[in-house]
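J.: Here is my input, please return the structure:
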Amino acid sequence: ITMKVFTPVLVFQKMPSGKGRDKFSIQCLECFGKNLYIGTKEGVVEYLTVNNTSAEESLSVREVGKRQMGRTGAIGQLTAVPVLNHLLVLWDGSVTVLNMFSLELLPALKKIQNVSLFYVSESVVQTDSVELIAASTKRKTVSVYKVCVDRWECVRQVALPQEPVVLAVHGTCLCVATCDRYFLHDYQSQTTLDLFPHNLRKQNIIANKCGKGEFILNGPGCLEAFVEAKELFIKGELDPREIISLYPAMPVMSEDFTPQTTAVSNAKDLWTLSRDDWPTFQQYLIFLDDFLREVRPTGQGQMCPQDIDSALFKLYLEQGEYGKLDQLVSTQNNCNLQTCVPDLEQHKRFFTLGLLYQSQGQHFNAIQTWVKIMEEQSEDPSHISVFQQIVNTLSNLEHKPIIWKFVDWVLQRDQEAGILIFTKTHTRSHVTLAPEEVLTILTSYPLAMTLYLEYLVNELHSKVTYPFDDYNNKTSKEEMRHKLQQLLWQSSYQITPSFLHVERAILLGKSGKHKKALQVLVHEGKDKQAAESYCWRTSAGRDRKFIQGMFLSLLQIYLESCQHVITAVDLLNKNSASFDLVSVLRVLPASWSLKLVLRFLCESLRGTVHDKRMRGLEMSLAKVETLRHKHVWVRPTHEKIRVDRGCVCHSCQKRLTGPEFLRRPTGELTHISCHATNTSRKPTTTAHILNIGQM
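T.: Predicted structure coming up:
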């Protein structure tokens, strides 16, 4: 069975002019509906309309207009934005906006300069603006523009490592092809994912959006071959050292290993490839990485763990994949220190060198390396929190001499961070340090000493009462309390008078003794502001009655002494809303004049009137809301009924002449009197017509 999928139809043809060589050529096309736009090599934009005719294989083509963008230069790209009636034209390294139908320039939208290619996002085509993503080869950037009818603005710029060649966009994800590779970049989350390299000289670079979250790329043809080769090598239980030995600068560590392959062309080919075709050789390196990581935990990998880990180490270091390198040396590995340490020192990766020492159990060398980074300020960009790494390592060590060796160095730089060595939640392997030992070290560091003592108090204060509470099963509670009291009486430690009156008041307040706490603040601390703050802090989240009681207690304390009269008046004037007027009038001395409390009385009465009016307003609003709901309910239940002059009663067949009648649910109209005498009564609805004669 033959099937015709499509039929080509000639739409446009440029006839030769006959005046010498014709340089006309089509550079790009854009089509939307019946509108066809052609960009030529001579910098001309031609606008055609294509309509179907009655014949199956013929089209009616009409040339609507054309516009010459300039004397020289080809049209690089055309994109129609029908939502805005815009036609975006890439010509002479800039994006120009024309009207889709008249091809007139839009003066409000100035040219975007230094653009090599652009892409219009399709995610927001139904709004009054679109996103234009423009790539610049000269600046090595991708700019995101918000395009409206009469303006556009740059909302974001993304720097690229190389010049962009091809660009595709889905949402906030950019798929960019540079001169030697493809990569994805999300400009919202600022994350980048390298895909694979390509050969610009030998391949046609393609990057197009082909679905939701999908791009179609023209990658190297050997990707599938690498996947198949990896599976065959693992399935055939090939010795990984055979593969490692084929790569240049990848020596095998095992002295007893002899390659089974002959001294051959394969290795020579890889040497040549690494020198002459680096993008292709990178694919072989990616294959080596995938193969070694997959074979590493298998039985084949356990035969030569040092060779595999050392090869991965060298691969990551030479390729600059420092994230993978740190991950490799941070976990248990079998890298050869004799070869890896010089390589890291040569590349100045001193932080990674410390991680390598740490993974090999050489904690002293690891910390010594990181200390050297801090003291010499080595140019190692691998990690910004070297000091924090030292603290974390010391806090999890089980070797005391190393801790004592470096703890002074840490405390001299940051006492708050250094104390974490002793207070951080430790692993099981961490050695437990006696508080006496720690306090001896911290003698010269007062801040660290204070923080450590706070840690001990917070850690142990609850445990003090546990023995007494648990002992209740063996003896009476009163006896144990008596022993505890005797211990306190006989203790040589005393609670000396101090300036911590606020702290004492807080403790009294925790036990509910608020008035006593206020007395401490007023009489002993002599801190009026602290007493007022205590009332507010304690009353936070409580009801109005509790707030009034707290401030009334403070007022009574002030009134107990003649020295605090002015303070009491200030308290009333500043916090009139926090007092109950009747309660205040009861406790005020009779000797006080009206002028002394006039401001408080005015503020209090004003607040009372305000509260009353607010309650009335709330009630009125509630009534309005009720009426609104009633209106919503009444509206659908009362509808108008049109009665013409010829309408008759369904029961007596006489005309309806009065303004009052009944309508049954089935739609029949009847007199009220007829309904009363009707034996088959049905539910009805009453309707009122004001003047039946006017209908």
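J.: Check what pLDDT the residue most central in space within the chain gets.
T.: For the chain, the residue lying nearest the average C-alpha position, counting by C-alpha atoms, centre = their mean, turns out to be Ser189 (7.6 Å). Model confidence at Ser189, given as pLDDT, is 86.
J.: Helices of the stretch 51-200 of the chain, residue ranges please.
T.: In chain order, the stretch 51-200 of the chain shows no helices, with DSSP state H, counting those that start in this stretch as the criterion.
J.: Any regions of it where pLDDT drops low?
T.: Counting by pLDDT under 70, the stretch 51-200 of the chain contains low-confidence ranges at 53-58, 122-127.
J.: Which parts of it are strands?
T.: Using DSSP state E, counting those that start in this stretch, the strands of the stretch 51-200 of the chain run over residues 59-68, 75-81, 86-91, 94-99, 112-113, 117-120, 130-136, 141-147, 152-159, 166-170, 173-177, 181-186, 191-197.
J.: Would you mind listing the outside residues contacting the third one?
T.: Outside of strand 86-91, the residues that reach it under the criterion C-beta atoms under 8 Å, 6 or more residues apart in numbering are 30, 37, 39, 43, 45, 69-70, 73-81, 95-100, 103, 106, 109, 115, 117-118, 120, 132, 147. The C-beta positions use only the backbone N, C-alpha and C, and glycine is treated the same way.
J.: Any of these buried? List them.
T.: 30, 37, 39, 43, 45, 69, 74-81, 95-98, 100, 103, 106, 109, 115, 117-118, 120, 132, 147 (16 or more other C-beta atoms under 10 Å).
J.: quick one on the thing from earlier: residues touching the closest residue to the residue nearest to the centre of the chain other than its chain neighbours, list them.
T.: In this structure, Ser189 finds its nearest non-sequential neighbour in Thr172, 7.8 Å apart by C-beta to C-beta, 6 or more residues apart in numbering. With contacts defined as C-beta under 8 Å, 6+ apart, Thr172 is in contact with 186-189.
J.: Which one of those is nearest to Gly213?
T.: Comparing the contacts of Thr172 against Gly213 with C-beta to C-beta places Asp186 closest, at 11.4 Å.
J.: Can you give the distance from the helix or strand hosting Arg599 to the centre of its chain?
T.: Under the criterion DSSP states H and E, the helix or strand holding Arg599 is helix 598-637. For helix 598-637, the distance between its averaged C-alpha position and the chain's averaged C-alpha position is 44 Å (C-alpha atoms, centre = their mean, to the nearest Å).
J.: could you point out which element follows that helix?
T.: Sequence order places strand 660-663 as the next helix or strand after helix 598-637, per DSSP H and E.
J.: Buried residues in that next one, which are they?
T.: By 16+ other C-beta under 10 Å, the buried positions in strand 660-663 come out as 661-663.
J.: If you count contacts, what does the helix or strand just after that strand end up packed against?
T.: Using DSSP H and E, the helix or strand that follows strand 660-663 towards the C-terminus is strand 669-670. Contact analysis of strand 669-670 by 3 or more C-beta pairs under 8 Å, 6 or more residues apart in numbering; DSSP states H and E lists strand 660-663 as its packing neighbours.
J.: Rounded mean pLDDT for the strand it packs on, please.
T.: 83.
J.: Give the other helices and strands that it contacts.
T.: strand 669-670, helix 672-677, strand 685-688.
J.: rank the ones you listed by mean pLDDT and give me the bottom one.
T.: Comparing mean pLDDT over the helices and strands packed on strand 660-663, the weakest stretch is strand 685-688, at a mean of 44.
J.: Show the backbone phi and psi for Asp92.
T.: Backbone torsions of Asp92, given as degrees, to the nearest 10, read phi 60, psi 40.
J.: what's the neighbour count on it?
T.: 17 (other C-beta atoms under 10 Å).
J.: That one is in contact with Gly73, isn't it?
T.: Yes - contact between Asp92 and Gly73 holds when scored by C-beta atoms under 8 Å: they sit 4.7 Å apart.
J.: tell me the contacts of Gly65?
T.: Gly65 is in contact with 46-47, 102-103, counting by C-beta under 8 Å, 6+ apart.
J.: Mark which of those residues are buried, thanks.
T.: Among these, those classed as buried by 16+ other C-beta under 10 Å are 46-47, 103.
J.: would you turn the strands of the stretch 51-200 of the chain into a markdown table with distance to Ala448?
T.: Converted to a markdown table, those look like this (distance: least, C-beta to C-beta, whole Å):
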| stretch | distance to Ala448 |
| --- | --- |
| strand 59-68 | 77 |
| strand 75-81 | 65 |
| strand 86-91 | 65 |
| strand 94-99 | 62 |
| strand 112-113 | 59 |
| strand 117-120 | 58 |
| strand 130-136 | 54 |
| strand 141-147 | 49 |
| strand 152-159 | 44 |
| strand 166-170 | 54 |
| strand 173-177 | 49 |
| strand 181-186 | 44 |
| strand 191-197 | 40 |
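J.: among those strands, which is nearest Gly320?
T.: Closest approach to Gly320 among the strands of the stretch 51-200 of the chain is made by strand 191-197 (11.3 Å; C-beta to C-beta).
J.: What pairs with the very next helix or strand once past that closest one, parallel or antiparallel?
T.: Once strand 191-197 ends, the next helix or strand along the chain (criterion: DSSP H and E) is strand 207-211. Its sheet considered, strand 207-211 pairs with strand 214-217 (antiparallel) by DSSP bridges.
J.: Alpha carbons of the strand it pairs with, in PDB - could you do that?
T.: Extracted C-alpha coordinates of strand 214-217, given in PDB (Å, rounded to 0.1, in the frame of the first residue of the first chain):
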ATOM      1  CA  GLU A 214      13.700  17.600  26.000                       C
ATOM      2  CA  PHE A 215      16.300  18.800  23.500                       C
ATOM      3  CA  ILE A 216      17.500  17.000  20.400                       C
ATOM      4  CA  LEU A 217      21.300  17.300  19.900                       C
END
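J.: Check which residues of it are buried.
T.: Taking 16+ other C-beta under 10 Å as the neighbour-count basis, strand 214-217 is seen to contain the buried residues 215, 217.
J.: Name the residues that touch that strand?
T.: Contacts to strand 214-217, defined as C-beta under 8 Å, 6+ apart, come from residues 168, 170, 175, 177, 182, 184, 195, 206-210.
J.: Show me what Ser60 is bridged to.
T.: Following DSSP bridges, Ser60 is listed with bridge partners Asn51.
J.: I figured it hits Asn51, correct?
T.: Yes - taking C-beta under 8 Å as the definition, Ser60 is a contact partner of Asn51 at 4.4 Å.
J.: Mind checking which of the two has more residues around it?
T.: Taking neighbours as other C-beta under 10 Å, Ser60 and Asn51 compare with Ser60 leading, 12 against 9.
J.: before we move on, the earlier item: residues shared between the contacts of Asp92 and Gly73?
T.: Any residue near both Asp92 and Gly73 by C-beta under 8 Å, 6+ apart counts here, and that gives Gly43.
J.: so which two of the contacts of Thr172 are the farthest from each other?
T.: Tyr187 and Ser189 (8.0 Å).
J.: okay but Ala249 is in contact with Lys314, surely?
T.: Yes - the pair Ala249 / Lys314 is scored as a contact, 7.3 Å apart, by C-beta under 8 Å.
J.: Can you tell me how far Asp289 is from Ile243?
T.: Between Asp289 and Ile243 the distance, using C-beta to C-beta, to the nearest Å, works out to 11 Å.
J.: Show me the shaky parts of the stretch 251-400 of the chain.
T.: Applying pLDDT under 70 to the stretch 251-400 of the chain flags the ranges 259-268, 377-384.
J.: CA atoms of stretch 548-561 as CSV?
T.: Extracted as CSV, the C-alpha positions of stretch 548-561 are listed here (Å, rounded to 0.1, in the frame of the first residue of the first chain):
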residue,chain,number,x,y,z
GLN,A,548,-4.2,44.8,84.1
GLY,A,549,-3.3,42.8,87.2
MET,A,550,0.5,43.0,86.4
PHE,A,551,0.5,46.7,86.0
LEU,A,552,-1.7,47.3,89.0
SER,A,553,0.8,45.3,91.1
LEU,A,554,3.7,47.5,89.8
LEU,A,555,1.6,50.6,90.6
GLN,A,556,1.0,49.4,94.2
ILE,A,557,4.7,48.9,94.7
TYR,A,558,5.4,52.4,93.6
LEU,A,559,2.7,53.8,95.9
GLU,A,560,4.2,52.1,98.9
SER,A,561,7.0,54.8,99.0
